[in-house]
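Asker: give the three-dimensional model of this entry:
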Amino acid sequence: MELLETIRKRVSVRRFSDKPISDEIIIEMLDAARLVPTPGNGHGNVIGVIKDQELKIELAQAAGGQMWIASAPVVFALCCDISWDLKEQPEEDFGLLVNYLRFGKEFVNYTNQCPDRKTMNKLFANGGPCLPGEHIFLTAVSYGLSACFIGYLDTEKAAKILQLPDHIACLFLLPVGYAAENVNPPLKKNISEISFTDTWTNRFGG
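Answerer: The predicted structure is shown next:
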């Protein structure tokens, strides 16, 4: 399947058939996740492949009781390493300087005063698993599967269920399977509504 065709067919599905996913396809999805770029080539993303039905049920309960999640043959747990702490970095650290530029030194210093460092580290790492998750999603679509990102999740419960070490956080779930429902792609904005040329008032293609 061509890339743009795959992207156009990507829709979130919340009902799955019980048809299993072969390990060969799962490996392809994990390989796609492995190939994502990471800051400093740090490879801080970790992907759990959850097939056990009881674990899937527990994760669905931790996701606000969305029990349809457990109907997916595979639930990917999108995790990341949260051991890197802005508060512990020297002033010349590149990662700290980048965050000063992105969010402002005042905000970073403010967050560094929060005693709950694990939560702050999860906050700053929150976007990390999204790119490998999307690689998994698009690979799934290319094989005739579908998926749905789950961000409504008690991350501490998920960590206990998956027996994660303290420096690894599960921030999203991604149930994947063969769709048991037909979902029409939602209406999207046109190109001129989502882009501009050079400066804000010049719409690209508008």
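
Asker: excluding covalently adjacent residues, which one is nearest to F137?
Answerer: Distance criterion Cβ to Cβ, 6 or more residues apart in numbering; nearest residue to F137, sequence neighbours excluded, is A147 at 4.8 Å. (Glycine included, C-beta is placed from N, CA and C.)

Asker: residues in contact with the one you found?
Answerer: Counting by Cβ atoms under 8 Å, 6 or more residues apart in numbering, A147 makes contact with 12-13, 72, 136-137, 140-141, 174-177.

Asker: what sits up against stretch 46-55?
Answerer: 26, 30, 33, 56, 59, 70, 73-81, 132, 136, 161-162, 168, 170.

Asker: in the chain, which spans are helices?
Answerer: Taking DSSP state H to define them, one finds helices in the chain at 3-8, 23-34, 53-62, 94-103, 105-112, 117-125, 130-142, 155-161, 191-194.

Asker: F204: which of the ones you listed is closest?
Answerer: helix 191-194 (6.4 Å; Cβ to Cβ).

Asker: out of the helices of the chain, which comes closest to P185?
Answerer: Closest to P185 of the helices of the chain is helix 3-8 (Cβ to Cβ; 7.0 Å).

Asker: packing partners of the lengthiest strand in the chain?
Answerer: Taking DSSP state E as the criterion, the chain has its longest strand at strand 168-177. Judged by 3 or more Cβ pairs under 8 Å, 6 or more residues apart in numbering; DSSP states H and E, the packing partners of strand 168-177 are strand 74-81, helix 117-125, helix 130-142, strand 146-147, helix 155-161.

Asker: in this structure, where is pLDDT below threshold?
Answerer: Across the chain, the ranges flagged by pLDDT under 70 are 1, 206.

Asker: now do 90
Answerer: Low-confidence segments of the chain (pLDDT under 90): 1-4, 7-8, 37-44, 95, 181-194, 200-206.

Asker: would you point out which residue is most central in it?
Answerer: The chain has C130 as the residue nearest its centroid, 2.9 Å off, counting by Cα atoms, centre = their mean.
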